[in-house]
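**Q** Sharing a model that was predicted from the sequence below.
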Amino acid sequence: METTFTPVQSLAGGAMIGLSVVLLMGTLGRIAGISGIVARLLPPGVERGGRWTGAAFVLGLLLAVPVHGWASGAVPAGTMVAAGPLLALSGLLVGFGAVTGNGCTSGHGVCGLSRLSGRSVVATGIFMAAAFATVLVLRHLGGM
Amino acid sequence: MGVASALLAGLLFGIGLIVSGMTDPLKVQNFLDPFGTWDPSLAFVMGGAVAVALPGFALLRRRAGPLFAPAFRWPAREDIDARLIGGAAAFGIGWGLAGLCPGPALVAALSIPSVALVFVPAMLLGMVLARALAPRAPRAATGGAAHARP
């Protein structure tokens, strides 16, 4: 099923994300990597320093839908492409992979590329290639 | 003030994801399908974010430190190891399967029930497992890497 190409909204939303990561570094000196911030709130070894700011950042993310809804009167559109065991497997791989690889789309993608980090360029190239290959198999080569 | 700015940064990040359309798993998976129903929007999200963060970070590097913390914690690692490669590959496969990565998943958990009930719990379990299985310091996350190696 097709979705509408939204260059203007996507560029504007992207700029807001860029502003957010600069704000977090400029005020707290932290990289806005979602997987890192979330993982440091989880066992084992919950990090003490920065725990409250990490929790506040996550709370801000969770408030996005209600605040956006209050401001615009709209619930963001979302169509699921996976369900059941496949959705659970996807979540496991995303969580495990992001922590093992030290970052996700935000930490390596947005922040890492903006720091011109070689590690992040490699990681972003690999997860992009793996994701394109997965969708190719899923949608065009007979699925799983 | 630190907590307030973190809350604001999280909210801004989340609303940016909503405005850009990245909380729609179908739209994200369509970006990953150039041979089918391709939607290049995600490239514009990355472009917009990097266009702001790259000069923003460059300006911050000239400053002595952040406003509400002792020092900038720029990640220091530059090595490319098997964990980086394997982790990124696993992450990419998971991302392709459902069109969800951690930020959009946490935001969409408030608007799509199965994201809250299935994807996010599985993602958190995956994170706990990865931390439990990490060889040395359990601080195997992006920001913590600042102190991992010289």
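**A** Right, received. Where do you want to start?
**Q** just for chain B, where's the confidence low?
**A** Under the criterion pLDDT under 70, the flagged ranges of chain B are B:136-150.
**Q** all helices of it, in order?
**A** For chain B, helices defined by DSSP state H occupy the ranges B:2-20, B:25-31, B:41-60, B:82-98, B:102-108, B:113-114, B:120-133.
**Q** winner for burial among these?
**A** With neighbours defined as mean count of other CB atoms under 10 Å in any protein chain shown, the helices of chain B peak in mean count at helix B:102-108, which reaches a mean of 29. Just so you know, the C-beta spots here come from the backbone N, C-alpha and C atoms, and that holds for glycine as well.
**Q** who are the neighbours of that helix, in terms of helices and strands?
**A** Counting by 3 or more CB pairs under 8 Å, 6 or more residues apart in numbering or on different chains; DSSP states H and E, the packing neighbours recorded for helix B:102-108 are helix A:34-39, helix A:51-72, helix A:84-100, helix B:2-20, helix B:25-31, helix B:120-133.
**Q** one more time with 6 Å, if that's ok
**A** Applying 3 or more CB pairs under 6 Å, 6 or more residues apart in numbering or on different chains; DSSP states H and E, one finds that helix B:102-108 makes contact with helix A:34-39, helix A:51-72, helix B:2-20.
**Q** of those, which approaches B:R62 most closely?
**A** Proximity of these to B:R62 was assessed by CB to CB; the nearest stretch is helix B:2-20, lying at 19.9 Å.
**Q** got the angle for the closest one vs helix A:51-72?
**A** 40 degrees (axes from the mean of the first three to the mean of the last three CA atoms, to 10 degrees).
**Q** Export only the CA atoms of helix B:2-20, formatted as CSV.
**A** Taking C-alpha atoms only, helix B:2-20 is exported to CSV below (Å, rounded to 0.1, in the frame of the first residue of the first chain):
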residue,chain,number,x,y,z
GLY,B,2,18.3,19.9,33.5
VAL,B,3,15.2,17.8,33.9
ALA,B,4,13.0,20.4,32.2
SER,B,5,15.3,20.7,29.2
ALA,B,6,15.5,16.9,28.9
LEU,B,7,11.7,16.8,28.9
LEU,B,8,11.5,19.6,26.3
ALA,B,9,14.1,17.8,24.1
GLY,B,10,12.1,14.5,24.3
LEU,B,11,8.9,16.3,23.5
LEU,B,12,10.4,18.2,20.5
PHE,B,13,12.0,14.9,19.3
GLY,B,14,8.6,13.1,19.5
ILE,B,15,6.6,15.8,17.8
GLY,B,16,9.3,16.0,15.1
LEU,B,17,8.8,12.3,14.5
ILE,B,18,5.0,12.8,14.3
VAL,B,19,5.2,15.8,12.0
SER,B,20,7.7,14.0,9.7
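**Q** Does that helix reach chain A?
**A** Yes. Contact of helix B:2-20 with chain A (CB under 6 Å from any CB of the partner chain) involves B:2-3, B:5-7, B:9-16, B:18-20.
**Q** Please apply the same query to stretch B:83-96.
**A** Yes. Contact of stretch B:83-96 with chain A (CB under 6 Å from any CB) involves B:83-85, B:87-96.
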